[in-house]
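Asks: Structure for the following, please:
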Amino acid sequence: MVSKIEDYALIGDGETAALVGRDGSIDWLCWPCFDSDACFSALLGEDRHGRWKIAPLSDIIQVSRRYRPETLVLETTFRTDDGQVTVIDFMPPRGMASDIVRLVRCEQGSMKLRMDLVIRFGFGKNVPWVRRTEDAKALRAVCGPDMIILRTPVETHGEHMTTVATFEVAAGQTVPFVLTYQASHLDVPQAIDPDEALRETEQYWAEWCAQCRYDGEDRAMILRSLITLKAMIYRPTGGMVAAPTTSLPERLGGDRNWDYRFCWLRDATFTLLALMNSGYYDEASAWHDWLRRSVAGVPAEMQIMYGIMGQRRLTEWEATWLPGFGGALPVRIGNAAHAQLQLDVYGELMDVFHQARAAKLKFSDDTWAMECVLIEHVCKVWNKPDSGIWERRGPGKHYVSSKVLTWVALDRGIKSAEQYGLKGRLDRWRATRDAIHRDVCSKGFDEAQNSFVESYGSNLLDGSLLLLPAVGFLPVSDPRIGGTIAAIERHLVRDGFVFRHDPRERSGLTAPLEGAFLACTLWLADIYVLKGDLDRAQKLLDRVVGAANDLGLLSEEYDITARCLAGNFPQALTHIALVNTAHNISAARKPAVQRGKT
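Replies: Presented below is the predicted three-dimensional model:
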């Protein structure tokens, strides 16, 4: 099992995703969907937990890998003294079942390889019953509701609760392996043609990538981020998970290990803008519809996150039998933060509806009525303490970014009513909007630092303050914003990266709370774009891009001491921010400007 998060690649089929290690091992996979517990889990455990490895038997001289251009088809090439072999990994767009295809193609000489398949369901805890199918052409593994089928021409046998095979390929030969998931009560799905599946998968991605309208200098980089985001969209509903993984630590060896296989409202507007600005209106519309369905109901019960199908009960528990990635404990399944009060979600939701209305996305007839109910609720609760955008666990505070996003909720509702002839209690809304603005400027600004602060009465800073000019709360030319930017540059920037939490909070402690937050680094770049300082913006963008792995994938954070990625991987918010910042710099569209001006 590989030891660094950046050693992994992502493959997916629009309903699930898998992480493939540089060593040829698939160590993380959730079937049948992102938040399922029918999964491999070697990423979080030891070799005895689920994994699927194909690698040479002889010593490896060199390993290289790449995605085929403008696809999610991964090629990992192993070179030994005997020759050169490439393992092609991909998941065809889901049909009746979900498949992982692995093609072992010999390009030079000949090579002996070994396949090890350890099937464990329930996050590595449950051992399935493995038998050959009736026609003896495949292996069938069953455990409770889950079934996996392995098809390959290579002869396999059992060894210590593991399915293994040793085989040899010569130059010009290709050996296929196909692993298929299906519910155990259904018939064994029909076999797919691996070569035809490869052609269809490449065609699918080529057609999808052709829709991208970003034409800046960094097109390949932006397209890779967009492909990554597409892979994290649950196609049946349009919901986008924050990451396809759980419990990858924000601090190496630490306990800040959260389950991110859910859809956050915090990311809503930036997600919509990244998709629309790049030309992906179908995905943007599906995301908008998912949001509308998921939050339907009583405004007071609106959550900060939901499951991929809009599920609301995301109970958090610990998989105590797993030792965790790099020893980081506990391994958490579910996320207790879903029950927190976070006032920012109302602003995010109202901003999404306003931006979608401006883009002429199709709306349900009852959407405005729901928006009015949300705004009325914000008028009642905006002055309550909450858990903040970063989901602090503990007593609530009056977080500045939360208050600003309640201002956004009122502001976007007012703008929608004024610009599109919609009816609402505008006098009440304007009065509340102005009251929030006065309250934030009075209680959330520290004269001594000449800066807005994390929360009322605090002298600490917070990376989310970078959003104030982006959402239109104050212009970037306002001296208070200038002072805030200067304070953030002074206290939150380290080695060219921005931390979301103020290091002064842990005064006297040597270990950082977590890595630098990559999305915050890009938000500072957006500020520089608004100020017209494109050189500094580009420098920050390049800094984040330089933190990506060799395949262009990014996690939530970057550990500036260990020089490695940290947090769940790949991270949607980071890739969304990267796409938006690149659009800003290229001047094709400016999402940072859109949020405040539309």
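Asks: longest strand anywhere in this structure?
Replies: Criterion DSSP state E: the longest strand present in the chain is strand 98-118.
Asks: now for that one, which elements pack on it?
Replies: Judged by 3 or more Cβ pairs under 8 Å, 6 or more residues apart in numbering; DSSP states H and E, strand 98-118 is in contact with strand 25-31, strand 51-56, strand 74-80, strand 83-90, strand 163-170, strand 174-183, helix 194-209. Heads up, the C-betas are built off the backbone N, CA and C, glycines and all.
Asks: Try it again at 6 Å.
Replies: If contacts are counted by 3 or more Cβ pairs under 6 Å, 6 or more residues apart in numbering; DSSP states H and E, strand 98-118 sits against strand 51-56, strand 83-90, strand 163-170, strand 174-183.
Asks: Only the buried residues of the very next helix or strand once past it, if you could.
Replies: Once strand 98-118 ends, the next helix or strand along the chain (criterion: DSSP states H and E) is strand 129-132. The neighbour-count check on strand 129-132 (16 or more other Cβ atoms under 10 Å) flags residue 130 as buried.
Asks: Over to stretch 3-12?
Replies: 5-12.
Asks: pLDDT on that stretch, on average?
Replies: For stretch 3-12, the per-residue pLDDT values average out at 94.
Asks: who's in contact with it?
Replies: 18-22, 72, 74, 89-91, 231, 248, 549, 551, 555, 564-565, 569-570 (Cβ atoms under 6 Å, 6 or more residues apart in numbering).
Asks: Please apply the same query to stretch 377-396.
Replies: 266, 299, 337, 340-344, 346, 397-399, 401-402, 406, 409, 432, 436, 464.
Asks: and the gap between residue 129 and residue 161?
Replies: Distance, residue 129 to residue 161, using Cβ to Cβ, to the nearest Å: 11 Å.
Asks: That should have said residue 117, apologies.
Replies: 11 Å.
Asks: Who has more neighbours out of these two?
Replies: residue 117 (24 against 12; other Cβ atoms under 10 Å).
Asks: picking up where we left off before, including distance to residue 207 and secondary structure, could the buried residues of stretch 3-12 go into JSON lines?
Replies: Below are the buried residues of stretch 3-12 laid out as JSON lines (distance: Cβ to Cβ, whole Å; DSSP: H, G, I helix; E, B strand; the rest coil):
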{"residue": "5", "distance to residue 207": "31", "secondary structure": "helix"}
{"residue": "6", "distance to residue 207": "30", "secondary structure": "helix"}
{"residue": "7", "distance to residue 207": "30", "secondary structure": "helix"}
{"residue": "8", "distance to residue 207": "27", "secondary structure": "strand"}
{"residue": "9", "distance to residue 207": "22", "secondary structure": "strand"}
{"residue": "10", "distance to residue 207": "20", "secondary structure": "strand"}
{"residue": "11", "distance to residue 207": "18", "secondary structure": "strand"}
{"residue": "12", "distance to residue 207": "17", "secondary structure": "strand"}
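Asks: and which of those residues is nearest to residue 153?
Replies: residue 11 (22.2 Å; Cβ to Cβ).
Asks: Need the helices and strands packed on strand 98-118 in TSV (columns: mean neighbour count, distance to residue 485 and mean pLDDT).
Replies: Converted to TSV, these look like this (neighbours: other Cβ atoms under 10 Å; distance: least, Cβ to Cβ, whole Å; pLDDT from 0 to 100):
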stretch	mean neighbour count	distance to residue 485	mean pLDDT
strand 51-56	23	46	96
strand 83-90	22	44	98
strand 163-170	16	57	97
strand 174-183	20	49	96
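Asks: okay, those strands in CSV with distance to residue 452 next?
Replies: CSV is the format used below for the helices and strands packed on strand 98-118 (distance: least, Cβ to Cβ, whole Å):
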stretch, distance to residue 452
strand 51-56, 47
strand 83-90, 47
strand 163-170, 58
strand 174-183, 49
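Asks: Could you pull out the helices in the protein for me?
Replies: For the chain, the helices defined by DSSP state H occupy 194-209, 219-231, 268-277, 281-295, 344-358, 367-381, 400-420, 426-443, 467-470, 479-491, 518-531, 534-547, 572-586, 591-597.
Asks: name the helices or strands packed onto the third one?
Replies: This means helix 268-277. Counting by 3+ Cβ pairs under 6 Å, 6+ apart, the packing neighbours recorded for helix 268-277 are helix 281-295, helix 344-358, helix 572-586.
Asks: Let me know the angle separating it from helix 400-420.
Replies: 50 degrees (axes from the mean of the first three to the mean of the last three Cα atoms, to 10 degrees).
Asks: Give me the residues contacting helix 268-277.
Replies: So helix 268-277 is contacted by 283-284, 287, 348, 351-352, 355, 359, 576, 579-580, 583, 589, 591, 594 (Cβ under 6 Å, 6+ apart).
Asks: go on, the second one?
Replies: Helix 219-231 has contacts (Cβ under 6 Å, 6+ apart) with 10, 12, 17, 72, 209, 212, 214, 278, 552, 570, 575, 578-579, 582.
Asks: Return the member of these nearest to residue 497.
Replies: residue 578 (13.6 Å).
Asks: what's around the closest one, how many residues?
Replies: For residue 578, using other Cβ under 10 Å, the count is 30.
Asks: And the one 5 residues further on, by the same measure?
Replies: The criterion is other Cβ under 10 Å. On that basis, residue 583 has 24 neighbouring residues.
Asks: Read off the pLDDT value for it.
Replies: 93.
Asks: Give me the subset of the contacts of stretch 3-12 lying in strands.
Replies: Reading strands off these with DSSP E, I get 18-21, 74, 89-90, 564-565.
Asks: Residue 404: what's it in contact with?
Replies: For residue 404, the contact set (Cβ under 6 Å, 6+ apart) comprises 468, 473.
Asks: do the one 3 residues further on as well
Replies: By Cβ under 6 Å, 6+ apart, the contact list for residue 407 reads 433, 436-437.
Asks: Domain ranges for the protein, per the record?
Replies: 5-186+204-208, 211-311+320-597 (automatic domain parsing).
Asks: Now distance to residue 194 too, for these, in CSV please.
Replies: Converted to CSV, those look like this (distance: least, Cβ to Cβ, whole Å):
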stretch, distance to residue 194
domain 5-186+204-208, 4
domain 211-311+320-597, 20
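Asks: Against residue 377, how distant is the nearest residue to residue 400 once chain neighbours are set aside?
Replies: The spatially closest residue to residue 400, leaving aside those adjacent along the chain, is residue 444, at 4.0 Å (Cβ to Cβ, 6 or more residues apart in numbering). Noted for residue 444: a distance of 22 Å to residue 377, by Cβ to Cβ.
Asks: Compare these two and say which is more crowded by neighbours.
Replies: residue 444 (24 against 16).
Asks: does that one really touch residue 452, like I thought?
Replies: Yes: counting by Cβ atoms under 6 Å, residue 452 is a contact partner of residue 444 at 5.4 Å.
Asks: Any chance you could list residues touching both of the two?
Replies: With Cβ under 6 Å, 6+ apart, residue 444 and residue 452 have common neighbours residue 400.
Asks: Sort the contacts of helix 268-277 by pLDDT and name the bottom one.
Replies: Among the contacts of helix 268-277, residue 589 has the weakest pLDDT, 39.
Asks: beta partners for residue 234?
Replies: residue 239 (DSSP bridges).
Asks: That one: neighbour count?
Replies: Residue 234: 22 neighbours (other Cβ under 10 Å).
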